[in-house]
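Novice: give me a model of this one.
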Amino acid sequence: MAVGGDDRTVRVDGPASKHVVLLLAGEGDSPDVYDAVCERLHSSDLRTVVPEGGGWTQEAVVSAVDQLCVGWVNLVGSGAGADLAWELAARHFGKFASLVVCDRPHPAVGGAQCPPVELPTTVMVSSPERRGDIDASGRYVYGDLRVVETPATDNVPKDCGAELASEIVLRTSPW
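Specialist: Model prediction:
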């Protein structure tokens, strides 16, 4: 698809469903890092959207979502993709239904200018050293916040795919 004057590749897969999950990979990670997660999400009747390549901005992601003509999107991010996911969730109210991020606190915890998020949010944390910053995110989440500990890893989507998929499915459920 053409996004911001550039041709970009976006993987769209899974069953035709009103529940769509946008997965943003970290810098240096291939979108393949989400393959096992996507397979599990498809089994749960969720459609997945995974942008390829780096350099995605908020405007480019929103443009891609608009071009795909999907309604409310469940947002997932790891690494730099988590940073982008926080910003999208905070600045584009009404576009996203939930947020799941891996090992990244809300940007305001580190001093960045980012509004609070008004979405049900799950933060997965894979090391005790990160837990303090993750817990501090609570003051910037105006909605349900769930913090989930995973086994120690540097890459939650790759090494804890089943756990990540479970948390995504929980956030997409309307109950």
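
Novice: next structured bit after whatever helix or strand residue 74 lives in?
Specialist: Secondary structure assignment for residue 74, by DSSP states H and E: strand 73-78. Moving toward the C-terminus from strand 73-78, the next helix or strand (DSSP H and E) is helix 80-91.

Novice: buried stuff in the following helix or strand past that following helix?
Specialist: Note on helix 80-91: by DSSP H and E, the next helix or strand toward the C-terminus is strand 96-102. Of all the residues in strand 96-102, those buried under the rule 16 or more other Cβ atoms under 10 Å are 96, 97, 98, 99, 100, 101, 102. (Each C-beta comes from the backbone N, C-alpha and C, glycine too.)

Novice: can I assume residue 167 is in contact with residue 148?
Specialist: Yes: using Cβ atoms under 8 Å, residue 167 makes contact with residue 148 at a distance of 5.9 Å.

Novice: who's more crowded, these two?
Specialist: Neighbours per residue (other Cβ atoms under 10 Å) separate residue 167 from residue 148, with residue 167 holding more: 22 against 19.

Novice: intersection of neighbour lists for residue 167 and residue 148?
Specialist: When contacts are counted by Cβ atoms under 8 Å, 6 or more residues apart in numbering, residue 167 and residue 148 are jointly contacted by 122, 124.

Novice: can you give me the end-to-end span of stretch 120-130?
Specialist: End-to-end distance of stretch 120-130 (Cα to Cα, to the nearest Å): 21 Å.

Novice: what pLDDT, on average, does that stretch get?
Specialist: Confidence over stretch 120-130, taken as the mean pLDDT, stands at 94.

Novice: okay, buried residues for it please.
Specialist: Buried, per 16+ other Cβ under 10 Å, within stretch 120-130: 120, 121, 122, 123, 124, 125, 126.

Novice: over to stretch 133-152?
Specialist: Neighbour-count burial for stretch 133-152, counted by 16+ other Cβ under 10 Å, picks out 133, 134, 137, 140, 141, 145, 148, 150.
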